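Enquirer: Provide a 3D model corresponding to the input given below.
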Amino acid sequence: MRNLNEDTITQAVLARHAEAPNPRLREIMTSLVRHLHDFAREVKLTEAEWAAGIEFLTATGHITDDKRQEFILLSDTLGLSTLVTAMNHRKPPSCTEATVFGPFFVEGAPDYELGADLANGAKGDPCFVRGTVKSTDGTPIAGAVMEVWQADADGFYDVQYPGQPEHRGRGRIRSARDGSFHFRSILAEAYPIPHDGPVGRMLAALGRHPWRPAHLHFMIQAEGYETLVTHVFRDGDQYLDSDAVFGVRSSLVAQWVRHEPGATPDGGTSERPFYTLDFDFVLNPAA
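Expert: Coordinates of the predicted model:
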């Protein structure tokens, strides 16, 4: 087809992939093209603005590597990650809610025994975390694999430190026979998402802050159950209602209880104040 104009270009593009052999791909691309074209028409997109958009996406790709995922950060800050999570993880009310994955999960975190110190030298006040993993009917789930990761007191994950030789504030444990778990880590603190790149510049241009409320990340897997990716947020944090990535759920907000120096839950003692967090997880049986 020749001599296309702003009124005929959309249908011409759709016709080109109307016979795509993968029906799902055809459905997604058809909708994508329609929405992109409608967006350009609605805002009367200029050539300079479109060039700036391409430059922004190019910069997002350039800064992304095995330690930093700027595209996930972009998806998170636009609310797309939360939207996709909500659509794909509808659960019974009794289940622990899912939330965004975030850009700082890494494969190959070290395995720890229950009660171990996952902080492994990360900066922060001592914190003892404990709870249970259960099914919707209250059945304890033994051997659930729990991936845990968090930022340190300075607001950085281990992978953000150049040359960091080992994992800190990150690890994998398994629930006990009665579904219980416990480990030591550090107090969760609020921190800004990385804002020295294109996503940070976008937030600044929009008048938005880059802060996330204090939280712990969890990914829990058990045979016969849906994988749960979630956070536990620290109650009282000033950013709970303005999370930069829209990940907060009221059911995931919990109290970190402060204790004076003395006996700790693991049978030891602490010469400095420490915190405890109790939180139970309920997994959804697989369909």
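
Enquirer: Quick one: the strands in the stretch 51-200 of the chain, in order.
Expert: For the stretch 51-200 of the chain, strands defined by DSSP state E, counting those that start in this stretch occupy the ranges 126-135, 145-149, 170-174, 180-186, 191-192.

Enquirer: Show me what the first one is packed up against.
Expert: Translated: strand 126-135. With contacts taken as 3 or more Cβ pairs under 8 Å, 6 or more residues apart in numbering; DSSP states H and E, strand 126-135 sits against strand 180-186, strand 274-278, strand 281-283. Where C-beta positions appear, they are placed from N, C-alpha and C, glycine not excepted.

Enquirer: just the CA coordinates of it, formatted as PDB?
Expert: Taking Å, rounded to 0.1, in the frame of the first residue of the first chain, the C-alpha atoms of strand 126-135 are listed here in PDB:
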ATOM      1  CA  PRO A 126      20.300  -5.900  64.200                       C
ATOM      2  CA  CYS A 127      16.900  -7.400  63.400                       C
ATOM      3  CA  PHE A 128      15.500 -10.800  64.100                       C
ATOM      4  CA  VAL A 129      12.800 -12.000  61.700                       C
ATOM      5  CA  ARG A 130      10.500 -15.000  62.400                       C
ATOM      6  CA  GLY A 131       7.100 -16.300  61.300                       C
ATOM      7  CA  THR A 132       5.400 -19.300  59.500                       C
ATOM      8  CA  VAL A 133       4.600 -20.400  56.000                       C
ATOM      9  CA  LYS A 134       1.100 -22.000  55.800                       C
ATOM     10  CA  SER A 135      -1.500 -23.000  53.300                       C
END
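
Enquirer: Could you check how far that strand is from the centre of its chain?
Expert: Centre-to-centre, strand 126-135 and its host chain are 19 Å apart (Cα atoms, centre = their mean, to the nearest Å).

Enquirer: How about residues contacting the longest helix seen in the chain?
Expert: Assignment by DSSP state H gives helix 23-43 as the longest helix of the chain. For helix 23-43, contacts defined as Cβ atoms under 8 Å, 6 or more residues apart in numbering pick out 6, 9-10, 13-14, 17-18, 20, 45, 50.

Enquirer: Those, buried ones only, as a PyMOL selection?
Expert: Burial among the contacts of helix 23-43 is assessed by 16 or more other Cβ atoms under 10 Å; the matching PyMOL selection reads:
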select buried, resi 10+13+14
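
Enquirer: And the helices in the chain, which stretches?
Expert: 9-16, 23-43, 47-63, 70-77, 80-88, 198-205.

Enquirer: deepest of those helices, which one?
Expert: helix 70-77 (a mean of 21; mean count of other Cβ atoms under 10 Å).

Enquirer: That helix packs against which elements?
Expert: Using 3+ Cβ pairs under 8 Å, 6+ apart: helix 70-77 touches helix 47-63, helix 80-88, helix 198-205.

Enquirer: quick one: average confidence on it?
Expert: What helix 70-77 shows for mean pLDDT is 95.

Enquirer: cool, and stretch 88-108?
Expert: 91.

Enquirer: How far away from the center of its chain is stretch 127-136?
Expert: 19 Å.

Enquirer: quick one: which of the helices and strands packed on strand 126-135 is nearest T230?
Expert: strand 281-283 (7.7 Å; Cβ to Cβ).

Enquirer: Which strands or helices does that closest one pack on?
Expert: strand 126-135, strand 215-221, strand 228-234.

Enquirer: got those strands as a markdown table, with distance to L252 columns?
Expert: Conversion of the helices and strands packed on strand 281-283 to a markdown table gives the following (distance: least, Cβ to Cβ, whole Å):
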| stretch | distance to L252 |
| --- | --- |
| strand 126-135 | 13 |
| strand 215-221 | 8 |
| strand 228-234 | 5 |
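
Enquirer: on that earlier part again, dump the strands of the stretch 51-200 of the chain to a markdown table, plus mean neighbour count and mean pLDDT.
Expert: Shown next, in a markdown table, are the strands of the stretch 51-200 of the chain (neighbours: other Cβ atoms under 10 Å; pLDDT from 0 to 100):
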| stretch | mean neighbour count | mean pLDDT |
| --- | --- | --- |
| strand 126-135 | 21 | 98 |
| strand 145-149 | 20 | 98 |
| strand 170-174 | 20 | 97 |
| strand 180-186 | 22 | 98 |
| strand 191-192 | 18 | 94 |
